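Q: What follows is a predicted structure for the sequence shown.
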Amino acid sequence: MINTDIIPALGTNVRKITVIGGGPGGLYFAILTKKAMPDCQIDVYERNKSDDSFGFGVVFSDETLSEFLTRDPKSYDLIRSKFAYWDDLDVARDGEIVRITGNGFCGCSRKTLLQLLQQRCTEVGVNLHFEHNIDDLSQFDNADIIVACDGIGSAIRTQFATDFRTKVELKKNRFVWLGSTKPLDAFTYFFRTTTFGTFVAHTYQYQEGMSTWIFECSDATWQNAGFEVTNEEDTISKIAEIFKEELEGHGLISNKSHWRQFPHVTNEKWYKDNIVLLGDAKATAHYSIGSGTKLAMECAIGLSDAVVANQNDVTAAFEQYEKARRNRVEMIQYAANVSLEWFENMDRHIKHPFYQFAFGVMTRAKKVTYENLRLRDKSFTDKVLAEFNTFQQSQNTNTPAAFTPFSLREMTLQNRIAMSAMGQYCAENGIVNDWHFTHYTSRALSGLGLLITEMTAVSEIGRITKGDAGIYTKKQVLSWKKINDFIHQYTQCKIGIQLGHCGRKGAVLEPWKGASIALENQWKLFAASPIPFHEQTAIPREMTLEDMDNIVSQFATAAKNANEAGFDMIELQAHHGFLLASFLSPLTNIRNDAFGGTIENRLKFPLRVFNEIRNIFPKEKPISVRISAVDWAENGISEADVLSIAIAFKNAGADIIDVSTGNTVAYQKPQIGRMWQTPFSDTIRNTVEIPTITAGFIQDIDQINTIILNGRADIVALGKPLLLDPNFVRNAQAYEGFEANDIPVQYKGAISPQYQLKAAERKMNEGMKKAFKPDSHKKK
């Protein structure tokens, strides 16, 4: 039990620092702080012996090495003298292999790293104490700062878990850390498909004659293979057989190599009184994006800087540390989780063609894109693109992925860029006007493959606002037909209409007048259950069977009208908590009848609506269904539910699923970032095997190409980027040097100067990326 009855007064000069845990993070913090504050006494306490080490190697990038060089050249020189460096990364799958150059990483023995840092600590005057297991902090009552870096299972953090607001989540996959004498000249991912399931080995050489091998698989695969957590002999025997071709006769070496599940550790607060967290005690990042050691040592730099800058105010030091590092740490953890989830779903990715699979490995965390890889190794991205175009039966293997055609039933899109449904809220009595004509036709002229209209109400009381478009009267149909006729006559763009009903989210002011502010004279709302969107909106009536019959009839009429207006496709609105979506989520459907409870019951009414419009809309024209794949709220819709929804709509005849997320409840907490919704599209596309549309903070042609090439979606829908840049597609075509055949003759005179301008911009951007690439630390 840790005793903290005696806590020193804060606000005095820091004279004594106690570091609990002698890992790389704690040692590096001690070195940097002692150098800057030579009069400060720093003691490091480690439970193990000085030459104990668990695990084999650690990995650093060129970027991290550059930081080490600027902070303490002597420890940098010591590390650099011992590491194994590589520029290359190999992806291998069942005997096929491809090399990607220009990556810049080094591997170093963990034991050697610890010994080098211990040596440097001794040189600068840090006191090292080994075989000291600390379970009582009262012995350090005179310490101004206690740095808790005692590992993933930190006893200090555990005792004060409530203060730190600690969360530890065990991830699904199983992994085991082994070593081998097998030499490797590149960081290599070895994938093996077996009757048990898919295995991967994350491998790299960390010193001459020694390499790290981290084997990973799903829990189901682990169970199928009959592994045992602590049976190292059995583990080595089975793994060596599975990877015998890769090991080439070299053995595997264990070092307390037990199967584990990765613990995702977070702390809402990083300090308490004079105790501060560092390393894995504070936050973990999955090994698939680098090294936890790297993260720990980078945070050690941040903590040391903060302490040095605030020597007379410990609280201010801790606040600076957390402020400086939290966002970076959370970004790394988010990227690590995205990467981790990719490996948790290897079985669905393994089905991709080989180069697409390898590209998916490289771009799994969303940080690396097609252009990044093209700058590193153009020969690799050329292979990826050629394979993609071959599978698309394209005559030109160099066609950018975004500009390849895509077909749904008898509708063929000229490219894979769409405009997502975005409400304009300026229709009059549901009739679209000159604003809508200009809004839609200008973007169609700009070269979009598909244009999806704003949510178009199937009835007057199905509108969100009074400015919503509708398709329930003859005048509305004719106004839409005018837009469609122009688009079909003068462009190759296809246009789909999103049919929907507001449900419980209707009868509000236009959004620029305030978020979800109710109208003074509201129309009656109804939904799956009598649950308002938030406390300031009306409580909807729970729908009756008669209501359902009326709604089905309204959607049927809307589908007939959509065809009459000349739309090429229908998208059924079943997302963001609107009427149909309110049946799908358990947060908005608490019915006790045949339309509530199980996902099969919750699907009944939305499927009935879909079936009706599918029966009416011409068979040669496709129908999309837009769904929310997560509610971003506790007890919301599950992944299993979402897959059931996608399967049900696919079986009913849906041609494509437009994958959105959230907006089901007002108290949602979405995790927003670039391309943030693509993993959900990936899940549906590659599990259900149905085409998908993805959207969400996708901002440039590089991201679009990346998404399509790594198989996360078939069409990329843009929203806000197209509001202020109607010519996004034309600019992207010029940037890619792709001359489309749909540029109006009236505009062709602009091709040459625009393409020259964009080519120059691309050259400048690529030059800047190369200039900002960290220097190589390869030994000459």
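A: Perfect, thanks for sending it.

Q: If residue 431 is in a bridge, with which residues?
A: residue 428 (DSSP bridges).

Q: Could you measure from it over to residue 555?
A: Between residue 431 and residue 555 the distance is 20 Å, computed by C-beta to C-beta, to the nearest Å. For the C-beta atoms, the positions are set from N, CA and C on the backbone; glycine is no exception.

Q: Report all helices and strands that the longest helix along the chain contacts.
A: Identified as the longest helix of the chain according to DSSP state H is helix 314-344. Where contact means 3 or more C-beta pairs under 8 Å, 6 or more residues apart in numbering; DSSP states H and E, helix 314-344 is packed against strand 166-180, strand 260-267, strand 271-272, helix 292-309.

Q: now what about the helix or strand just after it, what contacts it?
A: Using DSSP states H and E, the helix or strand that follows helix 314-344 towards the C-terminus is helix 346-349. Contacting residues not belonging to helix 346-349 are listed as 191, 197-198, 200, 217-218, 221, 342, 357, 360, 686-687, 711 [C-beta atoms under 8 Å, 6 or more residues apart in numbering].

Q: list the contacts for residue 435?
A: 424, 426.

Q: Find me the pLDDT at it, would you?
A: pLDDT for residue 435: 98.

Q: Check the offset of the host helix or strand of it from the chain's centre.
A: Using DSSP H and E, residue 435 sits within helix 434-445. Relative to its chain's centre, helix 434-445 lies at 33 Å (C-alpha atoms, centre = their mean, to the nearest Å).

Q: Check which residues of it are buried.
A: By neighbour count on 16 or more other C-beta atoms under 10 Å, the buried set for helix 434-445 is 436, 439-441, 443-445.

Q: Save these as CSV, and put in distance to residue 731 too.
A: Shown next, in CSV, are the buried residues of helix 434-445 (distance: C-beta to C-beta, whole Å):
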residue, distance to residue 731
436, 23
439, 18
440, 19
441, 18
443, 13
444, 16
445, 14
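
Q: Quick check: the residue nearest in space to the middle of the chain vs residue 769, distance?
A: Taking C-alpha atoms, centre = their mean, the centroid of the chain lies closest to residue 338, which sits 4.6 Å from it. Separation of residue 338 from residue 769 (C-beta to C-beta) stands at 22 Å.

Q: How about residue 590?
A: The gap separating residue 590 from residue 769 is 52 Å, by C-beta to C-beta.

Q: ditto for residue 33
A: 35 Å.

Q: Might you list the low-confidence residue ranges for the chain?
A: Low-confidence segments of the chain (pLDDT under 70): 1-12, 53-55, 291, 772-780.

Q: on that earlier part again, okay but the residue nearest to the centre of the chain is in contact with residue 345, surely?
A: No. If you go by C-beta atoms under 8 Å, residue 338 and residue 345 don't touch, sitting 11.2 Å apart.

Q: For the nearest residue to residue 742 once chain neighbours are set aside, the count of nearby residues, please.
A: Nearest residue to residue 742 in three dimensions, chain neighbours excluded: residue 492, at 4.3 Å (C-beta to C-beta, 6 or more residues apart in numbering). Residues near residue 492, counting by other C-beta atoms under 10 Å, number 17.

Q: Then the one 10 residues further on?
A: Around residue 502 sit 27 other residues, with neighbours defined as other C-beta under 10 Å.

Q: try the one 3 residues further on
A: By other C-beta under 10 Å, the residues close to residue 505 number 25.

Q: residue contacts, the residue lying closest to it once chain neighbours are set aside?
A: The shortest distance from residue 505 to any non-neighbouring residue, by C-beta to C-beta, 6+ apart, is to residue 533 (5.2 Å). Residues in contact with residue 533 (C-beta under 8 Å, 6+ apart) are 504-505, 516, 577, 665-666.

Q: Selection in ChimeraX covering whichever of those residues are buried, please.
A: To isolate the buried ones among the contacts of residue 533 in ChimeraX, judged by 16+ other C-beta under 10 Å, type:
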select :504,505,577,665,666
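
Q: Nearest to residue 399 among the contacts of residue 533?
A: residue 577 (38.9 Å; C-beta to C-beta).
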